[in-house]
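Peer 1: Sequence and computational prediction follow.
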Amino acid sequence: MNRYLWPLIAVGALLIFLVMGLRHGDPRALPSPFIGKPAPQFELPTLKNPEVTIGSKNLAGDYAIVNVWATWCVMCRAEHGFLLDLAASKSIPIYGINWRDTRLEAIRWLDELGDPYLASAYDADGRVGIDWGVYGAPETFLVDPEGTVIYKHLGPLDPVIWEREFVARMASGGASK
Amino acid sequence: MIPEIGQFALILALSLAIFQTIFPLVGAHRGDVAMMRVGRSAAAGQFVFVAIAFGCLTWSFLTSDFSVLYVANHSQLALPTLYKVSAVWGAHEGSLLLWIFVLAAWTVAVASFSSGLPDTFAARVIGVLGFLSVGFLLFALLTSNPFDRLVPAAADGADLNPLLQDPGLAIHPPLLYIGYVGFSVAFAFAIAAMISGDLDQRWAKWTRPWTTVAWMFLTLGIALGSWWAYYELGWGGWWFWDAVENASFMPWLIGTALIHSLAVTEKRGLFKSWTLLLSISAFSLSLLGTFLVRSGIIVSVHAFATDPTRGFFILTFLAVVVIGALALFAWRAPALDSDAGFAPLSRETFLLLNNVLLVVATTLVLMGTLAPLVIEMATGGKISIGPPWFNVAFLVPMIPLVILLGMGMHTAWRTQDSKAWVRVLKFPALIAVVLGVVIPLMAYGRVSILLVVGCGAAVWIVVSSLIQPLRSLRRQKGVARITRSALGMCVAHLGMGLFVIGVTVVSAFGVESDRALQPGESIEVAGFEFHMKSLGNAQGPNFSAIEAEIEIRDNGEYVATVRPQKRQYLVQKNWMTEAGIHAGMDKDLFVALGDQLGNGGWSVRVQYKPLIRFIWLGALIMALGGLIAISDRRYRVNSRSKSKAGTETSEAPA
Amino acid sequence: MKKLFIFFAAVLLTSPLYAIDQEKRFDDPEMQARYEQLISEVRCLQCQNQSIKDSNVSLAADLRREIARMIEEGQTDDEIAEFLVVRYGEFALYRPRTTGKTLVLWIAPFLLVLLGGFALVRILRHRMSLPIDGDSTEEGQAE
């Protein structure tokens, strides 16, 4: 074969690769390393009642949602309405992790806008957030009855995403990307 | 009204570009002189209309016409005028228009200065450039129209990204693009030569000045970007191996290889197919770079905010252009092998080494940039490849290159007598080894292997580069006066030496310190005392800031006062760090505000950067070398002697 | 063996004496140096391609604090890297760890130079065998 065809072949391969790369999706989206693994162990005082603690032990037994939120987070406010609806429907327990926030402000926020959470853990210094691999609020984790993380969603929730990503996974009953 | 004129002008430019493509190419094929001439007129016309479009967009910015979506997204009433102008190319659509404008300008330049080229060749070059213009104009009109309207018009705009509100930014993209896009000329020359099959050494001679000018501007553009990042981004670094930086650096590396390869081809008719391949690659890398930063495929601090649809368009265009070129290459290259030889110790060998090492370096940069994507698609895991890998990997081919640089300059073509060679190089080598140890030791009190190698190599290059110019100055008997071409080479290499010493010294001896500071307190860094005299508020045209006044003393003696700021821009609300820098050729003292601490103080990052200016000075001198080289008489083609196929031009000897 | 080599290369080619006195987390200069090296190699995930050393956002500050804590507790660099990778994935590290996948990356520079060397030798051998004056150019001074 004409050896001068090699550059052409090499470039062709590169181009195919780049096409695949384009279809691959958002390079900034970080899949959670916990998918398919047990939820990180934690125990924190609750937001409203510092005497009571809440932690991974509360998650076992049924599907549950862990939602990371904060008062300084604009998108959290955007998804709040949906979370309230979800809580009202009683279809799944919702736990919150109040991430790097001020206790008083957070309580006031919930009083003002409504509280969809069975309980919120108060993570003042962000240590638990790091343990969950959180890097931007809001983040929502889907945990199965055995305590395995099945899915993580970065960004505000809405009915469409809920159906497509969360309900679908609970129905098929297993971990997926 | 004006935006509509702008849009219409772009459409007209597109039609002219189509004529500019078809007529000359067909005309060259048929030998039809009238058709070929259409190329030049069409090119001129295209340039005029692109200029009109560019003018209309600039006008929209200057008059703050927020009924134009692009203006509304990237400007603001309170934006200073200078930045209203630079905002024109501050984001995707506008910078694309700048691309098109620069391409049209280069085309006109080629059309104007090509009287010494055969008609068919010139026609083909203009035709190829026309094809490129068509692609980019289509891209703009179909997917990235800067003149899209916003209805209803906004009352005030979303402001230009504060990071971009800076004089350095105003010039950085234009300089960069003149270089980036300029490689299209070498590309077009290569294509034209391959189409005609006429690949004698004249093609190499014609290509050289155009390539050198493009390379010069790219050097300046990259250096300016690095300098800007240093003082604007607030962390004191000057190169991060970010994907967008790499996208501009790869064409530069290949462009440098191309310049050197062209020298061999012009001189001895060797490496023709290789030089062709490099000409194709340099511009292909420019296109690839454009793709990488605008398609959303790569994570980067300064990728344009854009989407995969545009990515597909560029990729398709890239595919057509590059595959077409490489197909031509596969067709023509086999006939190009020549029978000339050279000895192992010869200039040809050194230039070959230069090319091999530069290509290795480019491949590594490409690998590092794309590898995260490859690995993610292959295994699903995301990894990061950053400075820790790049810095090590890049040094592997670069250290040998830097050492060989000093030798190659003094090696004759064809074969070099080794005794004479050693005689010339003995002295510089000795100085280099000695100073390589002495400089770090005396100036900064420390040595390490890398330091000695870095300083030694830098001295080696500098001394080696000075030999020929000094000889010429002293005009030893029998030694001809140095040509500008050779002088340019020496100066450019000298610039490289300065660059190397800047990088070595600042990497090894730079000091960085993050400390908490309150008004009235002092800290000591690298032997200097930094005293925070006050902390207060400041106001700018479109931002409010917290400003610290920091006095610097050296053993009690006053050195300077710097005023680092933490700015909040009124519209976008991001916080920007504006560093306070006391600059000097021997060192920079760099102070930036970090975070506000609870007790009324701030965390402050203080940096001592010895010889950091040598980095950009070195680049500047490299570009100067290029300028000197192209001012050589051999490149002033005599317009009276238009060369027809086969006839030799009347030209000054090399 | 690979680890040794990379360690060697890293020691030679990085400059451990750069950047002293970062935030004075540690009095012990060795721990301080480790701290600075580590934070310069961890990605700030809230940002677009910056290390947590250079970034001012809250997550960066949190991670710096955690890393300092782990150094104080006596954990090794590998353990700290593992901590981050478990939570954020390999993406969090700017220096790709030497696993099977990334081994290629670390050998690549040397491999490529070697390859280039082979190509060079082949070309030289070929050209050496050809007549040195077999071409048609102007003679001139060096350039």
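Peer 2: Received it, and whenever you're ready, just let me know what you need.

Peer 1: need the longest helix for chain A.
Peer 2: Looking only at chain A and at elements set by DSSP state H, the helix with the highest residue count is helix A:6-23.

Peer 1: Just the buried positions in the next helix or strand after it, please.
Peer 2: On the C-terminal side of helix A:6-23, the nearest following helix or strand under DSSP states H and E is strand A:43-45. Within strand A:43-45, the residues scored as buried using 16 or more other CB atoms under 10 Å in any protein chain shown are A:44, A:45. Glycine gets a C-beta too; all of them are placed from N, C-alpha and C.

Peer 1: Neighbouring strands - and their directions - for strand A:43-45?
Peer 2: With DSSP bridges as the test, strand A:43-45 is paired with strand A:53-55 (antiparallel).

Peer 1: starting at the chain centroid, how far to whatever helix or strand comes next after the partner strand?
Peer 2: The C-terminal neighbour of strand A:53-55 among helices and strands, as given by DSSP H and E, is strand A:64-69. Strand A:64-69 sits 7 Å away from the centroid of its parent chain (CA atoms, centre = their mean, to the nearest Å).

Peer 1: what sits up against the helix or strand following strand A:64-69?
Peer 2: Sequence order places helix A:74-89 as the next helix or strand after strand A:64-69, per DSSP H and E. Outside of helix A:74-89, the residues within contact range by CB atoms under 8 Å, 6 or more residues apart in numbering or on different chains are A:65, A:67, A:69-70, A:92, A:94, A:113-114, A:116-117, A:137-138, A:155-159, A:162.

Peer 1: if you set the cut-off to 10 Å instead, what comes out?
Peer 2: A:65, A:67-71, A:73, A:92-94, A:96, A:98-99, A:109-110, A:113-118, A:136-140, A:153-159, A:161-162, A:166 (CB atoms under 10 Å, 6 or more residues apart in numbering or on different chains).

Peer 1: Give the buried residues for that helix.
Peer 2: Within helix A:74-89, the residues scored as buried using 16+ other CB under 10 Å are A:76, A:79, A:80, A:82, A:83, A:86, A:87.

Peer 1: out of these, who's nearest residue B:333?
Peer 2: residue A:79 (59.5 Å; CB to CB).

Peer 1: ok, back up a step: could I have the buried ones of the contacts of helix A:74-89 as PyMOL selection syntax?
Peer 2: Buried residues within the contacts of helix A:74-89, by 16+ other CB under 10 Å, are selected in PyMOL with:
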select buried, chain A and resi 65+67+68+69+70+71+73+92+93+94+96+98+99+109+110+115+116+117+136+137+138+139+140+153+154+156+157+161+162+166
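
Peer 1: The contacts of helix A:74-89 also near chain C: which ones?
Peer 2: A:99, A:136 (CB under 10 Å from any CB of the partner chain).

Peer 1: lowest-confidence helix or strand of chain B?
Peer 2: Counting by mean pLDDT, DSSP states H and E, the weakest-scoring helix or strand in chain B turns out to be strand B:575-578, with a mean of 83.

Peer 1: Flag the shaky bits of chain C, pLDDT-wise.
Peer 2: Filtered on pLDDT under 70, chain C yields the residue ranges C:1-24, C:48, C:98, C:100-101, C:134-143.

Peer 1: Which parts of it belong to which domain?
Peer 2: Here the domain parsing of chain C from automatic domain parsing is C:13-92, C:98-130.

Peer 1: Most tightly packed of those?
Peer 2: domain C:13-92 (a mean of 18; mean count of other CB atoms under 10 Å in any protein chain shown).

Peer 1: starting at the chain centroid, how far to that domain?
Peer 2: 15 Å.

Peer 1: likewise stretch B:329-336?
Peer 2: Using CA atoms, centre = their mean, the offset of stretch B:329-336 from its chain centre is 30 Å.

Peer 1: Quick one: check that stretch for contact with chain C.
Peer 2: No. Stretch B:329-336 does not reach chain C (CB under 10 Å from any CB); its nearest approach is 13.1 Å.

Peer 1: what's that stretch in contact with?
Peer 2: Against stretch B:329-336 from outside (CB under 10 Å, 6+ apart): A:1-9, B:190-191, B:193-197, B:199, B:265, B:269-277, B:279-280, B:326.

Peer 1: Quick one: the strands in chain B, in order.
Peer 2: B:511-517, B:522-525, B:528-539, B:543-554, B:557-562, B:565-569, B:575-578, B:580-582, B:587-596, B:602-610 (DSSP state E).

Peer 1: May I see those organised as JSON lines, with mean neighbour count added?
Peer 2: Listed next are the strands of chain B as JSON lines, based on neighbours: other CB atoms under 10 Å in any protein chain shown:
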{"stretch": "strand B:511-517", "mean neighbour count": "20"}
{"stretch": "strand B:522-525", "mean neighbour count": "16"}
{"stretch": "strand B:528-539", "mean neighbour count": "15"}
{"stretch": "strand B:543-554", "mean neighbour count": "18"}
{"stretch": "strand B:557-562", "mean neighbour count": "14"}
{"stretch": "strand B:565-569", "mean neighbour count": "21"}
{"stretch": "strand B:575-578", "mean neighbour count": "18"}
{"stretch": "strand B:580-582", "mean neighbour count": "20"}
{"stretch": "strand B:587-596", "mean neighbour count": "22"}
{"stretch": "strand B:602-610", "mean neighbour count": "23"}
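
Peer 1: Distance to residue C:32 added to the ones you listed, as JSON lines?
Peer 2: Compiled in JSON lines, those are given as follows (distance: least, CB to CB, whole Å):
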{"stretch": "strand B:511-517", "distance to residue C:32": "11"}
{"stretch": "strand B:522-525", "distance to residue C:32": "14"}
{"stretch": "strand B:528-539", "distance to residue C:32": "19"}
{"stretch": "strand B:543-554", "distance to residue C:32": "24"}
{"stretch": "strand B:557-562", "distance to residue C:32": "26"}
{"stretch": "strand B:565-569", "distance to residue C:32": "26"}
{"stretch": "strand B:575-578", "distance to residue C:32": "24"}
{"stretch": "strand B:580-582", "distance to residue C:32": "25"}
{"stretch": "strand B:587-596", "distance to residue C:32": "17"}
{"stretch": "strand B:602-610", "distance to residue C:32": "15"}
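
Peer 1: Over to residue C:38: give its phi and psi.
Peer 2: With angles defined as degrees, to the nearest 10, residue C:38 sits at phi -60, psi -50.

Peer 1: got the contact list for it?
Peer 2: By CB under 10 Å, 6+ apart, the neighbours of residue C:38 are C:51-53, C:63-64, C:67-68, C:70-71, C:77, C:80-81, C:84, C:93, C:95.

Peer 1: And the residue of the stretch 351-500 of chain B that's closest to chain C?
Peer 2: residue B:386 (3.2 Å; CB to the nearest CB).

Peer 1: residues near that residue, how many?
Peer 2: Neighbour count for residue B:386, taken as other CB atoms under 10 Å in any protein chain shown: 24.

Peer 1: Please tell me I have it right and it contacts residue B:240.
Peer 2: Yes. With contacts counted by CB atoms under 10 Å, residue B:386 reaches residue B:240, the gap being 7.6 Å.
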